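Colleague: Next input, structure requested:
(chains A and B)
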Amino acid sequence: MISKKSLQWIAWVLILPVLIIRGFTTIYPILKTVFNSFYDIRILSGINEFAGLSNYINVFKDQKVLTTLEFTGIFVVISMFFHIILGVGLALILNMKFKGRRFLRTIVLIPWAMPAVVIGMAGKWAFNNDYGLINDFVRRFVPDFQLNWLINTGTARAAVISLDLWKDLPFFAILILSGLQFISSDIYEAAKVDGANGVKSFLYITLPLIMRNVLTLCIPFTLWRLTGFDLVYSMTSGGPGEDTSLIAYRITMEAFTNLNVGYAAALAVLLFLVMAVFSWFNMRFMSKLED
Amino acid sequence: MKKNSNAKYKAYRWLVGIGRWFLFALVAFVILFPVYWIFISSITPPGELFKTPIDYIPDHPTLESYTFLIENVGLISKIGNTVLIIGVTLIVGTTICVMGAYAFARFRSKAVSLAFGFIVATMLIPEVVTARPLYEFMQKVKLFDTYQGLIILYISSIIPFTVLILRNFVGEIPVSLEEAASIDGANFVQRLFLVVLPLMKPAIATVCIINFINCLNNFFTPLYYSNGIQVLSVAIVQLPLRDNMYGVPWDLVSAMGWIILLPIIIFVAVFEKQIMDGIMAGGVKA
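Modeller: Presented below is the predicted three-dimensional model:
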């Protein structure tokens, strides 16, 4: 460890490049966003004047935003619910001892590594009523099945959530797997001797041991869901109406398409606050869990 | 009696075996079939895509969609842009991250810890929150729609994760190795290049592989901070509609999608171990 004062300048020479680049892309923009959120800036109509808190107040009167918040909530809750249930399931499958394990572990990396836009564009076509993959598959069992997924609110939302799961679930499972691998097989042997069956040893050994890992993972995964953009942009453009629009998508549209910069900034500040509170709350929760 | 329970056990083992293979096949199918579908769509003549039920083994395979992409959409220059931006990002970004990570692991002072805390904390800032002011700033300093500008933003996006992983890795290299080297008369630069860097090779390889995938996945940055310079991830959402009334130029999207997927699949297959290590070391987001 080097703590000699005379050598500290070396540290700063080494640190400065990353610090400058990271600072340049975060500090000024975030301060400017906070500043803008108190102004009414609409580039299309050339308005730029102080507006106090009116942007923040308008957020809660804006039907588009309320629908967006509704879907963001649904999206986060349902997606996380299945992440936990199916993610633990998939992790158990990946942890099974059999010949195809290595192959399976390799292919689950594919959805994680695929760009969300590619998945979104493919999803747009896969959920097409006439020529899509999904309906083609359903029709093999139910002939004459007709459903235009992306046109109706409920089915469009289901489609977006299922594609989100397709992409991110394997990643979640791999991270749970890393916890599973630390459980020594001796414990299971001992349980077997004591007469525990598979279900019992899962409930009383595996689950308690990975629970902390699962809960910890829920923090970043929830935050990533809150800021999801690519999938919705490429797959539904928030449609039908605003029914599948996520908050990050809504902010971007206000900022770059409607050019309603002040309003977008207020939304962004609110999103950032929600994320900060959420992370703080979780950190408290995690440190309690550790005691 | 004993024979009976033995047979029972065998049947049980057999059932478990079947169950495992069923689950295995199910997961493999759900993941691989859509990928296969994208591939066969890309080599099906556009007209035959409007068929129901879908032909999963195309009758008349053709590379027409690919040649259309090359001749009319400028595929080669888009691949060139992508390779150039990602290549420079990885070289420059990894270099400065190694420097930073080394300093964060080896130098202790309040200010240094604060700087490290800042870099990790910026992970929490979603890009939509900074997007609009950054967009205006990039235009003001004439970095908008330039290779330099995009590369700076790409580098910025990989910094927190890379610095965090590499710093933890350096922290595990015993300081005594460096002290021994300095007793032998090695100066600071020699210690860094001859002692620490060779030991960091596997960690550097891992972060490079994961950052390559993350950069290839990056969509927001090239979409909003450039117009003329198109990379593959943006090009796929801006393909022209040909003879298709359904809103998705699926013939071209599937071909472009496959061009992005192929290097990813090769990468995943070759570097499975490194990627797994990297994911488990830090929790990465694509």
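
Colleague: Hmm, A:L271 is touching A:I251, no?
Modeller: Yes. Counting by CB atoms under 8 Å, A:L271 does reach A:I251; the two are 6.7 Å apart. For glycine as for every other residue, the C-beta is placed from the backbone atoms N, C-alpha and C.

Colleague: Which neighbours do the two have in common?
Modeller: Common contact partners of A:L271 and A:I251 (CB atoms under 8 Å, 6 or more residues apart in numbering or on different chains): B:V128, B:V129.

Colleague: and the host helix or strand of A:V13, anywhere near chain B?
Modeller: A:V13 is located in helix A:8-36, with elements delineated by DSSP states H and E. Yes. Remark: helix A:8-36 sits within contact range of chain B at A:8, A:10-12, A:14-15, A:17-19, A:21-26, A:28-30, A:32-33, A:36, by CB under 8 Å from any CB of the partner chain.

Colleague: Quick check: chain neighbours aside, which residue is closest to residue 210?
Modeller: Reading this off chain A. A:G179 (4.8 Å; CB to CB, 6 or more residues apart in numbering or on different chains).

Colleague: My question was about chain B, not that one.
Modeller: That would be B:G278: by CB to CB, 6+ apart, it lies 4.6 Å from B:I210.

Colleague: Between A:L271 and A:I251, tell me which one has more neighbours.
Modeller: A:I251 (29 against 20; other CB atoms under 10 Å in any protein chain shown).

Colleague: wait, the more buried one sits on A:A264?
Modeller: Yes. A:I251 is within contact range of A:A264, at 5.3 Å (criterion: CB under 8 Å).

Colleague: How many residues are close by A:S287?
Modeller: Neighbourhood size, A:S287 [other CB under 10 Å]: 9.

Colleague: so what pLDDT did it get?
Modeller: A:S287 carries a pLDDT score of 75 in this model.

Colleague: Now name the helix or strand holding it.
Modeller: Counting by DSSP H and E, A:S287 is found in helix A:261-290.

Colleague: again, but for B:I31
Modeller: helix B:2-42.

Colleague: ok, that helix near chain A or not?
Modeller: Yes. Judged by CB under 8 Å from any CB, helix B:2-42 comes into contact with chain A at B:17, B:20-21, B:23-24, B:27-28, B:30-32, B:34-35, B:37-38.

Colleague: could you show me where the helices are in the stretch 101-250 of chain B, in order?
Modeller: Along the stretch 101-250 of chain B, counting by DSSP state H, counting those that start in this stretch, helices occupy B:110-121, B:127-140, B:147-172, B:175-183, B:188-190, B:197-217, B:220-224, B:232-235, B:250-270.

Colleague: what comes up buried for the helix or strand just after the helix holding A:V13?
Modeller: Sequence-wise, the next helix or strand downstream of helix A:8-36 (DSSP H and E) is strand A:39-42. Residues of strand A:39-42 classed as buried by neighbour count (16 or more other CB atoms under 10 Å in any protein chain shown): A:Y39, A:D40, A:I41, A:R42.

Colleague: likewise stretch A:15-32?
Modeller: Neighbour-count burial for stretch A:15-32 [16+ other CB under 10 Å]: A:15-19, A:21-26, A:29-30, A:32.

Colleague: now stretch B:122-134
Modeller: B:T122, B:L124, B:I125, B:P126, B:E127, B:V128, B:V129, B:T130, B:A131, B:R132, B:P133, B:L134.

Colleague: Just confirm the third one contacts A:I30, I think it does.
Modeller: Yes. In this structure, B:I125 is within contact of A:I30 by CB under 8 Å, at 6.4 Å.

Colleague: any shared contact partners between the two?
Modeller: Joint contacts of B:I125 and A:I30 (CB under 8 Å, 6+ apart) are A:F272.
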